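K.L.:
Okay, predicted coordinates and the sequence, questions at the end:
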2 protein chains.
Amino acid sequence: MPAAPQRRALADSTAVHDQVYDAIRQALITGRIAPGVGVSLRSLAAELGVSPMPVRDAVRRLAAERALAINPANKRLSVPSLTADRLEQLSQARLWIEPELAARAARQTDEGLIRTLQAIDARLDAALAAGDVDGYMTANHAFHFAIYERSGADVLLSMAGGLWLQIGPFMRVVFGRVGTGSLPADRHAEAIAALKARDADGARRAIAADLSEGMDKMRTAVEATA
Amino acid sequence: MPAAPQRRALADSTAVHDQVYDAIRQALITGRIAPGVGVSLRSLAAELGVSPMPVRDAVRRLAAERALAINPANKRLSVPSLTADRLEQLSQARLWIEPELAARAARQTDEGLIRTLQAIDARLDAALAAGDVDGYMTANHAFHFAIYERSGADVLLSMAGGLWLQIGPFMRVVFGRVGTGSLPADRHAEAIAALKARDADGARRAIAADLSEGMDKMRTAVEATA
DNA sequence: GATCATGCACTGTGATCGCAATTGACCGCT
DNA sequence: AGCGGTCAATTGCGATCACAGTGCATGATC
């Protein structure tokens, strides 16, 4: 039993619980774990080839970030369900924090960031054309946070990270419904242009528009589900 | 050695790690643990009379909420230091989330909430008159969250909880400097009146004003410290 | 007497074990 | 054949132990 059959390739950080955290986080952001389903410490541990202990640590963190829900009675954990109310709160929070981060980033943009963003956007388009949902979501996440990290606002940045973690499952629902075909005419080019011009307000507006469109799609998808 | 080696009475919840979490959380919110000092799992465990294991769980949660900082090199943990930049980010986040929660609460206020708030405010004034800093901070926290919980917005509520956790140490610094005498002419009465009238915008403005005044005091205190 | 090296105490991390509670399925009874 | 009860497996929680890395302090050397 404790002898790990398959040791899944984890990100080469030093701490095991961090690797487990990243693994589950990625699975949630890209929506590989469906909402509502229950998971267990030991099953996750077996799947990742580690002992239950670092999984407990990772799950604790995720639960604190509300990316995983713990049934108060059972103490059993599951992926939070998707409700219109939750989505609405998350939208509101994102629409305030993320444009602010973009505006701050615009004030200290350099040529390296621009090139990075263009490279990510190219990968995004490629994944899009190939119908690669996971690739698209990963690239989209990378694009936004490449910008946000430039803001230097670590408190707000971590809040944004928590919000993406909670919104990941919603995104998967969207693409499960509409497919990768009718994806948002993303405002990424607009955002890159604003950053290049160090136009804080322009970056704010571009990101806000990008978010609004995406959230609207999620809203309709969720309402259709319910 | 920051705190007294007292075996603190823990709330009789069922889970030990939750009791530990609450204990540390209270210590942070009321500022009993000074910023910058290092804490250790085993020391906390000994202080609370439990094994290091549930402390680890509680600390993980608090670290995820950025209420405790983990040195990436040492893996050692400490209370985050107070910087003007951090305070500014926290202010901005609070000024958006908390008035919003108050506005939502106003739409579903009943007589019971009003009475509860008045009772808390009375305790707050009493603590104030007695120069009881801990009592004041506890009552102030209770006042705000009695309102926020009424909003029914659990996502935003938990974000506000995380923000208070991070701002707690700042508040202690303020009162350590200026004493309980020159405390804010709080807008609590104003907030209660707005809630009673189910005036969402009024509640929003009252809470925003209350926050702004408090945060300004913190800002000057922090700048004086630095 | 000052500086450097060595060792020890302490840190977080992870594994293993035992415990109590809940879940789910199987079996016997009516 | 339907239903109720019981047993076993699984769950999370907490404790204890072992381990590697860090930092401080003491002691030895120049």
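P.N.:
It's in. Numbering: from 1, shown residues only, chains lettered A, B, ... in the order given.
K.L.:
can you pull out the strands in chain A?
P.N.:
A:38-39, A:69-70, A:77-78 (DSSP state E).
K.L.:
Count the neighbours of residue A:46 for me.
P.N.:
Residue A:46: 18 surrounding residues under other Cβ atoms under 10 Å in any protein chain shown. (C-beta placed from N, C-alpha, C; glycine too.)
K.L.:
Please apply the same query to the one 5 residues further on.
P.N.:
The local packing count at residue A:51 equals 15, with neighbours defined by other Cβ under 10 Å.
K.L.:
Against DNA strand C, how distant is residue A:109?
P.N.:
34 Å (Cβ to the nearest atom of the strand, to the nearest Å).
K.L.:
you'd agree that residue is up against residue A:150?
P.N.:
Yes: contact criterion Cβ atoms under 8 Å: residue A:109 and residue A:150 qualify, at 6.6 Å.
K.L.:
For the closest residue to residue A:44 other than its chain neighbours, report the pLDDT, please.
P.N.:
Among residues not flanking residue A:44 along the chain, residue A:55 sits closest, at 4.9 Å (Cβ to Cβ, 6 or more residues apart in numbering or on different chains). Note for residue A:55: predicted pLDDT of 95.
K.L.:
count of residues packed around residue A:55?
P.N.:
26.
K.L.:
and if you look at residue A:158?
P.N.:
So residue A:158, with other Cβ under 10 Å, has 16 neighbours.
K.L.:
So it is in contact with residue B:66, correct?
P.N.:
Yes: applying Cβ under 8 Å, one finds residue A:158 in contact with residue B:66, separated by 5.9 Å.
K.L.:
For these two, list the residues in contact with both.
P.N.:
Overlap of the contact sets of residue A:158 and residue B:66 (by Cβ atoms under 8 Å, 6 or more residues apart in numbering or on different chains) is empty.
K.L.:
Tell me which of the strands of chain A sits most buried.
P.N.:
For those, the largest average neighbour count (mean count of other Cβ atoms under 10 Å in any protein chain shown) is found in strand A:77-78, namely a mean of 18.
K.L.:
Which elements pack onto that strand?
P.N.:
strand A:38-39, strand A:69-70 (3 or more Cβ pairs under 8 Å, 6 or more residues apart in numbering or on different chains; DSSP states H and E).
K.L.:
Outside of that strand itself, which residues are in contact with it?
P.N.:
Contacts of strand A:77-78 (Cβ under 8 Å, 6+ apart): A:36, A:37, A:38, A:39, A:40, A:59, A:63, A:68, A:69, A:70, A:71.
K.L.:
So is that strand next to DNA strand C?
P.N.:
No: Strand A:77-78 lies out of reach of DNA strand C by Cβ under 7 Å from any atom of the strand, never closer than 11.5 Å.
K.L.:
Would you tell me which residues of chain A are close to chain B?
P.N.:
A:15, A:56-57, A:60-66, A:75, A:85-86, A:89-90, A:92-93, A:96-97, A:100, A:153-156, A:158-159, A:166 (Cβ under 8 Å from any Cβ of the partner chain).
K.L.:
Tell me if I'm right that residue A:45 and residue A:55 touch.
P.N.:
Yes: here residue A:45 reaches residue A:55: they are 4.6 Å apart, a contact under Cβ under 8 Å.
K.L.:
ok, residue A:36 - how many residues close by?
P.N.:
So residue A:36, with other Cβ under 10 Å, has 12 neighbours.
K.L.:
And the residue nearest to it when sequence neighbours are not counted, its phi and psi?
P.N.:
In space, and not counting its chain neighbours, residue A:36 is closest to residue A:81: 5.0 Å by Cβ to Cβ, 6+ apart. Residue A:81 adopts backbone torsions of phi -80, psi 160, taken as degrees, to the nearest 10.
K.L.:
From DNA strand C, how far off is residue A:81?
P.N.:
17 Å.
K.L.:
Also residue A:221?
P.N.:
For residue A:221, the distance to DNA strand C equals 28 Å [Cβ to the nearest atom of the strand].
K.L.:
Can you name the residues bridging to the closest residue in space to residue A:63 that isn't next to it in sequence?
P.N.:
Take residue A:63 and drop its neighbours on the chain: the residue closest to it by Cβ to Cβ, 6+ apart is residue A:70, 5.3 Å away. For residue A:70, the beta-bridge partners under DSSP bridges are residue A:77.
K.L.:
Now do the same contact list for residue A:70.
P.N.:
A:63, A:76, A:77.
K.L.:
From those, pick out the ones that also neighbour DNA strand D.
P.N.:
A:76, A:77.
K.L.:
Among the contacts of residue A:70, which one sits closest to chain B?
P.N.:
residue A:63 (7.4 Å; Cβ to the nearest Cβ).
K.L.:
Please look at the closest one and residue A:72 and confirm they touch.
P.N.:
No: if you go by Cβ under 8 Å, residue A:63 and residue A:72 don't touch, sitting 11.5 Å apart.
K.L.:
For residue A:196, see how far away the residue nearest to residue A:63 is.
P.N.:
Look at residue A:70 and residue A:196: by Cβ to Cβ, to the nearest Å, they are 44 Å apart.
K.L.:
ok, the nearest residue to residue A:157 once chain neighbours are set aside to residue A:108 distance?
P.N.:
Nearest residue to residue A:157, sequence neighbours excluded (Cβ to Cβ, 6+ apart): residue A:148, at 5.4 Å. To residue A:108, residue A:148 is 12 Å away according to Cβ to Cβ.
K.L.:
and those two? which has more neighbours close in?
P.N.:
Set residue A:148 next to residue A:108 and count neighbours by other Cβ under 10 Å: residue A:148 wins out with 23 against 12.
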